[in-house]
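>>> coords below, sequence missing:
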C-alpha cells in the first residue's frame with residue numbers, strides 16, 4: 001500500500017510540474033491526505049471481490065475531479081457480441097457509471113458528456129421504426145440511450161448523415177437533437193475545451 005501511495009504522490013509531483021491545474025493538484029493532495037489512497041473503498045472492495053485477493057493493491061484509480069468535459073463520437077456500427085448492444089453506446093454508459101458509481105461525481109456539475117452521432121454510428125440514435133427500416137431489426141441500445149439522456153448526457157445527430165440515409169427528425173429517439181455536420185461539431189466541442197473520445 002505504501003508503494004502505491006508513493007507512486008501516486010510521485011505522479012502528483014509530475015502533474016504539478018506538468019499541465020494539471022493548481023486546483024487539480026490541491027484536490028489530489030487533499031484526497032490522498034484524507035483517504036490514504038486515490039481509490040474509493042467501494043472500488044477496492046469490488047476489485048478484491050471480482051478479481052481475487054490482492055487485486056485492490058493492483059488497482060490505480062482516477063482522481064475525483066470536477067469540470068471534466070468529453071465529446072464522444074458515435075461513428076461505428078460495431079455491436080458487442082456478448083450482449084448485442086452498440087459498443088460505443090456501452091462505452092458511454094460505462095463512463096457515466098464509473099464516474100457516478102465509483103467516484104460519486106455528478107453529471108452537469110463534475111462532468112459533462114456530449115455525444116455526436118455520424119456515419120455508421122448514427123444508427124444508435126434512431127428509434128425502433130427507423131432502425132428496423134434501415135437495418136432490419138429494432139435498435140438494441142435505445143433503452144440505454146434513453147437512460148443516458150434522462151441522466152443529462154446530450155446526444156446530437158449529424159444532418160449530413162441523416163440526408164444521406166433519408167432520415168427525418170421523426171426517426172430520432174426522443175431527446176436527440178441535431179447538428180449540421182457531425183465531424184465539425186466534434187471539432188467545435190474540442191474548441192470549447194471538451195476532450196475527444198472515439199470509443
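Okay, I see it. Everything numeric in this text was worked out from a predicted model, so none of it was measured.

>>> what about residue 42, which SS state?
The assignment at residue 42 comes out as helix when based on DSSP: H, G, I helix; E, B strand; the rest coil.

>>> residues making contact with stretch 94-101?
42, 68, 70, 72, 105-107, 110-111, 113, 148, 151, 153, 197 (Cβ atoms under 8 Å, 6 or more residues apart in numbering). The way it works is simple: take the backbone N, C-alpha and C, and place the C-beta from them, glycine included.

>>> which PyMOL command selects the buried ones in the residues you listed?
Applied in PyMOL, the following selects the buried portion of the contacts of stretch 94-101 according to 16 or more other Cβ atoms under 10 Å:
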select buried, resi 70+72+105+110+111+113+148+153+197
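
>>> among the contacts of stretch 94-101, which lie within strands?
Within the contacts of stretch 94-101, residues falling in strands by DSSP state E are 68, 70, 72, 111, 113, 197.

>>> which ones are touching the first one?
Each residue near residue 68 by Cβ under 8 Å, 6+ apart is listed here: 99, 105, 110, 111, 112, 195.

>>> quick one: residues contacting residue 56.
Residue 56 touches 39, 43, 44, 45, 47, 48, counting by Cβ under 8 Å, 6+ apart.

>>> and the pLDDT at it?
Per-residue pLDDT puts residue 56 at 85.

>>> confidence score at the closest residue to it other than its chain neighbours?
Ranked by Cβ to Cβ, 6 or more residues apart in numbering and with sequence neighbours excluded, the top spatial neighbour of residue 56 is residue 44, at 3.8 Å. On pLDDT, residue 44 comes in at 86.
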